[in-house]
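Visitor: Pasting the sequence and the predicted model now:
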Amino acid sequence: MNEYRKIVDDHLRKLRELRSEQDRIQRETKSVADLVRAALRMLPDGERSSLEDDLDDILAQRHGLTKMVRSIITVHYPDYLTPVQIRNEMESNGFDFSFYSSNPLSSIHSVLKRTDSSHIETKNLPDGTIAYRWKLKKR
């Protein structure tokens with residue numbers, strides 16, 4: 001076996017090991033998140049809300065909710081998109097919302113509200129819905 005074949009074989013084996021570990025971590029993350037969600041339901045409403053936001057923030061870091069929302073908005077420029085359209089596009093791209101304690105639209109609204117207004121612009125639609133689009137930087 002030449003040395004390049006050995007390099008490829010060794011690194012393919014390493015990638016399989018890493019993928020297996022990644023899958024194990026993902027299963028454990030889901031299990032821990034489910035436990036946290038169950039415990040959150042036992043807390044008073046006033047405490048629960050901010051802790052659900054904390055959980056969503058932690059899980060969003062893992063799954064890239066913010067990155068995906070921004071990506072969809074930029075890909076669809078110059079169109080304005082409603083949160084429902086963003087959610088539908090995310091789901092059609094295979095985004096997994098099962099890790100979030102709040103519903104998908106609530107999570108998307110949180111991302112949009114946290115995004116700096118220098119990056120996103122809004123428009124009120126006739127039905128009262130707010131639509132969003134990415135702002136192009138002026139040169």
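Guide: Alright, I've got the coordinates.

Visitor: and the strand or helix carrying Arg24, how far from the chain's centre?
Guide: Remark: Arg24 resides in helix 3-40, with elements defined by DSSP states H and E. Its chain's average C-alpha position is 19 Å from that of helix 3-40, according to CA atoms, centre = their mean, to the nearest Å.

Visitor: and Trp134, bridged to which residues?
Guide: In this structure, Trp134 bridges to Ile120 when assessed by DSSP bridges.

Visitor: Specify the next element, helix or strand, located C-terminal of the helix holding Arg24.
Guide: helix 45-63.

Visitor: and that next one, what other elements does it pack with?
Guide: When contacts are defined as 3 or more CB pairs under 8 Å, 6 or more residues apart in numbering; DSSP states H and E, helix 45-63 sits against helix 3-40, helix 65-75, helix 104-114. For the C-beta atoms, the positions are set from N, CA and C on the backbone; glycine is no exception.

Visitor: Enumerate every residue touching Lys123.
Guide: Tyr80, Ile130, Ala131, Tyr132, Arg133 (CB atoms under 8 Å, 6 or more residues apart in numbering).
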